[in-house]
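Colleague: With the sequence up front, the predicted model follows.
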Amino acid sequence: MIPGGGQPNMQQLLQQAQKMQQDLARAQEELAQTEVEGQAGGGLVKATVTGSGELRALKIDPKAVDPEDTETLADLVIAAVHAANENAQALQQQKLGPLAQGLGGGSGIPGLPF
């Protein structure tokens, strides 16, 4: 028996779920358009990725280029991309975290990935 003497309004629940899905889609689109940066070697290598993790730019200071030591340059590139992706993940948490909580995080509602 439900207090208040009624069944939950399924139409209202469906509308709320649809609004949350729209909010989530909007946040994901915003992430895809937002760029974040990571750097390594004191700024010798900078990587720019979108909030969804797509690599958009890579800047390498000429001082980082040593033809005799390409391994260090490769390590700097990997570190810069890794740092940029960490920043993208932090942005994802900031943007999507509240929406996932609003969806009940593990709510068991079919079709929702949380």
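Modeller: Looks like it came in fine. Residues are numbered from 1 along each chain as shown.

Colleague: what's near enough to touch the residue sitting nearest the centre point of the chain?
Modeller: The residue lying closest to the centre of the chain (Cα atoms, centre = their mean) is residue 92, at 2.9 Å. When the contact criterion is Cβ atoms under 8 Å, 6 or more residues apart in numbering, the partners of residue 92 are 31, 51, 52. Using the backbone N, CA and C atoms, a C-beta is placed for each residue, glycine as well.

Colleague: Please give me every residue in contact with the second one.
Modeller: The one in question is residue 51. Contact criterion Cβ under 8 Å, 6+ apart gives 30, 31, 32, 33, 34, 35, 36, 88, 91, 92, 95 as the residues in contact with residue 51.

Colleague: Tell me the one of the residues you listed nearest residue 58?
Modeller: residue 35 (12.5 Å; Cβ to Cβ).

Colleague: Okay, and the beta partners of that closest one?
Modeller: residue 50 (DSSP bridges).

Colleague: right, and it touches residue 53 too?
Modeller: No - counting by Cβ atoms under 8 Å, residue 35 does not reach residue 53; the two are 11.2 Å apart.

Colleague: Please check the contacts of residue 51 and keep the buried ones.
Modeller: Using 16 or more other Cβ atoms under 10 Å as the burial test, the contacts of residue 51 include 31, 36, 88, 91, 92, 95 as buried.

Colleague: will you turn those residues into JSON lines that also has secondary structure, pLDDT and distance to residue 74?
Modeller: Rendered in JSON lines, the data for these read as follows (DSSP: H, G, I helix; E, B strand; the rest coil; pLDDT from 0 to 100; distance: Cβ to Cβ, whole Å):
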{"residue": "31", "secondary structure": "helix", "pLDDT": "86", "distance to residue 74": "28"}
{"residue": "36", "secondary structure": "strand", "pLDDT": "92", "distance to residue 74": "22"}
{"residue": "88", "secondary structure": "helix", "pLDDT": "91", "distance to residue 74": "21"}
{"residue": "91", "secondary structure": "helix", "pLDDT": "88", "distance to residue 74": "26"}
{"residue": "92", "secondary structure": "helix", "pLDDT": "87", "distance to residue 74": "27"}
{"residue": "95", "secondary structure": "helix", "pLDDT": "81", "distance to residue 74": "32"}
